[in-house]
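[1] predicted model and sequence below, questions to follow.
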Amino acid sequence: MSPTTLLDGGMGHCLKERLEAAGLASRTFLSAALANAQHAELVTRLHGEYVAAGAQVLTTNTFSVTPLALQRAAWGAERLEELARHAADCAADAALPGVRVAACLPPLADCYGEAPVDKSGAAQDEVYSVYLRLATALSSRCQLALVETMARSEDAALAARAARCAGLDCVWLSFTLEDGAGSPRLRGGESLSDALRCCGPASAYLVNCCDCAAADTGLPVLRAHAAPLGACWGAQPNAFLRSTSEWLRGEGAERDGVMDPQAFAAWGAAAAAAAGDGCVLGGCCGTTPEHIAALNAALLARNTS
């Protein structure tokens, strides 16, 4: 077994493509979220493919299970808990012994930190209330909480507090970084170092939803913060050839494709060697079970060489 813990890869993008290919739904993240209830067998099957690829942690398909997203659908925001429970069931039903399920607690609004931050007490109470609803609905079938794609430390801290209140004492915090920034910086503007100091304790600290180069800049900062605390550190980068930052600026081709699984695995093996034991690696947008299988093979080969 590799000393690196292996997470799964992207859920939303994979499900969007599969739903469209099967003629079941339009290619949207909302369709991927509603699939937890409407096409649960597809969601469970994808989770199972990640387990077969070697993933030791599955993430619930709840990235778009938020009031803002559900208000655009016939489900309505009031059915958030129902959809979250379906998502937890899909992941837990696919998990084999020894595979943990992480409750995904996503950003509730803009993923990339462009919207102004309302720091009033009432606004923060509302954010905490939504996270508590989501975490409580997921908690019975999950072993940890993955607070992911956070662009601001304030949101991460609120989600982590809600997870613990819901009984998910093992909390992993993951931040999204600006691509090409040089030094690691959250998309909301904070430096990664400042965010780590502000967000409080966690069992693991990660970066995700950024390109591999940005993840490489973040890993040493994560390790310096996490190791003295006895926590883990790691990354789940995107596999897109065009970075999210380029997409936000309207640069690059509309569809530049994704990294080859072997290229993604080569990145992961190098990242694990640099980050050392205690590292947690997986994939985000654009990654598939094939990417995770290749990464798992590369990590196992590194561990036995």
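    Nice, I can see it.
[2] please count neighbours and contacts with C-alpha atoms only from this point.
    OK.
[3] assign residue 173 to helix, strand or coil.
    When classified by DSSP: H, G, I helix; E, B strand; the rest coil, residue 173 comes out as strand.
[4] and the longest helix seen in the chain, what's buried?
    Longest helix in the chain by number of residues (criterion: DSSP state H): helix 121-139. By 16 or more other CA atoms under 10 Å, the buried positions in helix 121-139 come out as 127, 128, 130, 131, 132, 133, 134, 135, 136, 137, 138, 139.
[5] one more: stretch 89-107?
    Neighbour count says stretch 89-107 has 89-92, 94-95, 99-107 buried, by 16+ other CA under 10 Å.
[6] over to stretch 36-53?
    Quick answer for stretch 36-53 (16+ other CA under 10 Å): 36-37, 39-40, 42-44, 46-53.
[7] could you do stretch 289-302 as well?
    For stretch 289-302, the neighbour count (16+ other CA under 10 Å) marks 289, 290, 291, 292, 293, 294, 295, 296, 297, 298, 299, 300 as buried.
[8] tell me which of the residues you listed fall in strands.
    Using DSSP state E, the subset of the buried residues of stretch 289-302 located in strands is empty.
[9] coming back round to it: next step: the buried residues of stretch 89-107 restricted to helices.
    89, 90, 91, 92, 94.
[10] how much space between the most centrally placed residue in the chain and residue 101?
    Centroid-nearest residue in the chain: residue 148, 4.7 Å away (criterion: CA atoms, centre = their mean). Distance of residue 148 to residue 101, computed by CA to CA, to the nearest Å: 14 Å.
[11] do residue 203 as well
    15 Å.
[12] follow-up on the earlier one: can I get the longest helix of the chain in CSV, CA atoms only?
    Output of helix 121-139 as CSV, limited to C-alpha atoms (Å, rounded to 0.1, in the frame of the first residue of the first chain):
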residue,chain,number,x,y,z
GLY,A,121,-23.5,38.3,11.4
ALA,A,122,-26.8,37.5,9.7
ALA,A,123,-25.2,36.5,6.5
GLN,A,124,-22.7,34.2,8.2
ASP,A,125,-25.5,32.7,10.3
GLU,A,126,-27.3,31.8,7.0
VAL,A,127,-24.2,30.3,5.5
TYR,A,128,-23.6,28.2,8.6
SER,A,129,-27.3,27.1,8.7
VAL,A,130,-27.1,25.8,5.1
TYR,A,131,-23.9,23.9,5.8
LEU,A,132,-25.4,22.4,8.9
ARG,A,133,-28.4,21.2,6.9
LEU,A,134,-26.2,19.6,4.3
ALA,A,135,-23.7,18.1,6.7
THR,A,136,-26.5,16.6,8.9
ALA,A,137,-28.1,15.0,5.9
LEU,A,138,-24.9,13.4,4.8
SER,A,139,-23.4,12.5,8.2
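[13] coming back round to it: distance to residue 163 added to the ones in helices among the buried residues of stretch 89-107, as TSV?
    Converted to TSV, those look like this (distance: CA to CA, whole Å):
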residue	distance to residue 163
89	18
90	20
91	18
92	18
94	22
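[14] just flag the most distant two among the residues you listed.
    Greatest spacing in those, by CA to CA: 89 and 94 (8.5 Å).
[15] rewinding a little: name the helices or strands packed onto whatever helix or strand comes next after the longest helix of the chain?
    As assigned by DSSP states H and E, the chain's next helix or strand after helix 121-139 is strand 144-150. If you count contacts as 3 or more CA pairs under 8 Å, 6 or more residues apart in numbering; DSSP states H and E, strand 144-150 packs onto strand 100-105, helix 153-165, strand 171-175, strand 204-208.
[16] now strand 144-150: mean pLDDT?
    Here strand 144-150 scores 98 as its mean pLDDT.
[17] figure out how far it is from the centre of its chain.
    From the chain centre to the centre of strand 144-150 is a distance of 6 Å (CA atoms, centre = their mean, to the nearest Å).
[18] follow-up on the earlier one: which among the buried residues of helix 121-139 gets closest to residue 261?
    Using CA to CA, the buried residues of helix 121-139 come closest to residue 261 at residue 138, 30.8 Å.
[19] distance check, the closest one against residue 185.
    From residue 138 across to residue 185, the span is 30 Å (CA to CA).
[20] before we move on, what about residue 7?
    Distance of residue 7 to residue 185, given as CA to CA: 23 Å.
[21] of these two, which one has the most company?
    residue 7 (27 against 24; other CA atoms under 10 Å).
[22] quick revisit: how about the helices and strands packed on strand 144-150, which one is nearest residue 272?
    Among the helices and strands packed on strand 144-150, if distance is taken as CA to CA, the winner is strand 204-208, at 13.2 Å.
[23] thanks again, I'm all set now.
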